[in-house]
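S.K.: Fold the stuff below for me.
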Amino acid sequence: MADVDVFAGVRLLGPPEADGEYIALNDHETVHLHEYARIYAVPGLYEHVVQELLQCTSPQVAAAGFLRAVERLGLEPGGLTVLDVGSGTGLVGELVRGGGVARVVGVDALPAAREAALRDRPGVYADYVIGDFQRDDDTLREALRPYRLGGLVSAGAFGGTHATPRALENALALLPADAPVAFTLDERWMDESDPEGFGVAVAKAVAEGSLEVLERSRFQHRVTTTGEPIFYELIVGRTASPASEG
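M.R.: Reported below is the predicted structural model:
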């Protein structure tokens, strides 16, 4: 990874504007925080901005939650192939591999994310597939089918400007029964009075028997560009019924 000194000119801009948060890469270029292709193009820049300057903890929280679920279910991580949804530059994959997971298969909608992960973390992923779980995509399902997935981990990929509850449903449907799962969700999307939110989607999955929640906790995901905390929820669980064959 690039030395932090390389990013001496990078600074946070605030307060957030109506369309989101911005960062200055230098004296001449300002980019939206979610302008991923531009940020991913520079080795280590995403981690510097999000993990260091914005103090993001979701990757560590999600990976640790997933490994706790593996232990609680009496599984051997060295025998698992895990799906990492919204893999980005590969930090979550690296963390679960560091916890003993045998293989991780990444999925992200952005080719720039795949390029960055393979560049910055070579060898972490058994495969890194470009695809979008928001669509009922047979191509994505077929690309993942050979891997005999045994778990799912995701940090910050669901909710907000990212994937919808349908994406979570489609991803969980690829797993067999009793597979460990861990994912983080913005608490603003967990209001069960919102029929389109993740609170309703998670409650429905539990009620229908497709998901058993083992842990549910609130944590500080990161801060805004002006230092205000953003809180997420961690959902740790297991699939409670066989996956559909899609």
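S.K.: Could I get the average pLDDT for the lengthiest helix in the chain?
M.R.: Longest helix of the chain, by residue count under DSSP state H: helix 58-72. For helix 58-72, mean pLDDT is 98.
S.K.: and the gap between the nearest residue to residue 77 once chain neighbours are set aside and residue 193?
M.R.: Excluding the flanking residues, the one nearest residue 77 by C-beta to C-beta, 6 or more residues apart in numbering is residue 100, at 3.9 Å. Where C-beta positions appear, they are placed from N, C-alpha and C, glycine not excepted. Separation of residue 100 from residue 193 (C-beta to C-beta, to the nearest Å): 40 Å.
S.K.: now do residue 21
M.R.: In terms of C-beta to C-beta, residue 21 sits 27 Å off from residue 193.
S.K.: neighbour count winner among those two?
M.R.: residue 21 (18 against 7; other C-beta atoms under 10 Å).
S.K.: For the more buried one, give me the pLDDT.
M.R.: So, for residue 21, pLDDT stands at 95.
S.K.: Help me confirm that it is found in a helix?
M.R.: No. Assessed with DSSP: H, G, I helix; E, B strand; the rest coil, residue 21 is strand; it does not lie in a helix.
S.K.: Would you confirm that it contacts residue 228?
M.R.: No. Counting by C-beta atoms under 8 Å, residue 21 does not reach residue 228; the two are 10.6 Å apart.
S.K.: Pop out the phi and psi values for residue 151.
M.R.: phi -180, psi 170 (degrees, to the nearest 10).
S.K.: Retrieve the pLDDT associated with it.
M.R.: For residue 151, pLDDT reads 98.
S.K.: check contacts around it.
M.R.: 66, 69-70, 80-83, 101, 175, 179-181 (C-beta atoms under 8 Å, 6 or more residues apart in numbering).
S.K.: Inside strands: which ones of those residues?
M.R.: 81-83, 180-181 (DSSP state E).
S.K.: picking that back up, okay, the residue nearest to residue 77 and residue 30: tell me how far apart.
M.R.: Taken as C-beta to C-beta, the span from residue 100 to residue 30 is 41 Å.
S.K.: For the residue nearest to residue 77, grab phi and psi.
M.R.: phi 100, psi 0.
S.K.: tally of neighbours for it?
M.R.: Residues lying near residue 100 (other C-beta under 10 Å) number 13.
S.K.: Quick check: residue 94 vs residue 191, distance?
M.R.: 33 Å.
S.K.: Please identify which of those two sits among more neighbours.
M.R.: Using other C-beta under 10 Å, the more surrounded residue of residue 94 and residue 191 is residue 94, with 20 against 11.
S.K.: Would you agree that one falls within a strand?
M.R.: No. Counting by three-state DSSP, residue 94 is not part of a strand but helix.
S.K.: could we number from 115 for the rest of this?
M.R.: Sure, I'll start counting at 115 from here, so that last one is residue 208.
S.K.: Return the residues in contact with residue 160.
M.R.: Residue 160 neighbours (C-beta under 8 Å, 6+ apart): 150, 153-154, 202-203, 230.
S.K.: how about low-confidence regions in the chain?
M.R.: 115-118, 274-276, 355-360 (pLDDT under 70).
S.K.: could you point out the longest strand in it?
M.R.: Per DSSP E, the chain has its longest strand at strand 325-337.
S.K.: What residues sit buried inside that strand?
M.R.: In terms of neighbour count (16 or more other C-beta atoms under 10 Å), strand 325-337 has its buried residues at 325, 328, 333, 335-336.
S.K.: Domain ranges for this protein, per the record?
M.R.: Residue ranges for the domains of the chain, per automatic domain parsing: 118-167, 172-353.
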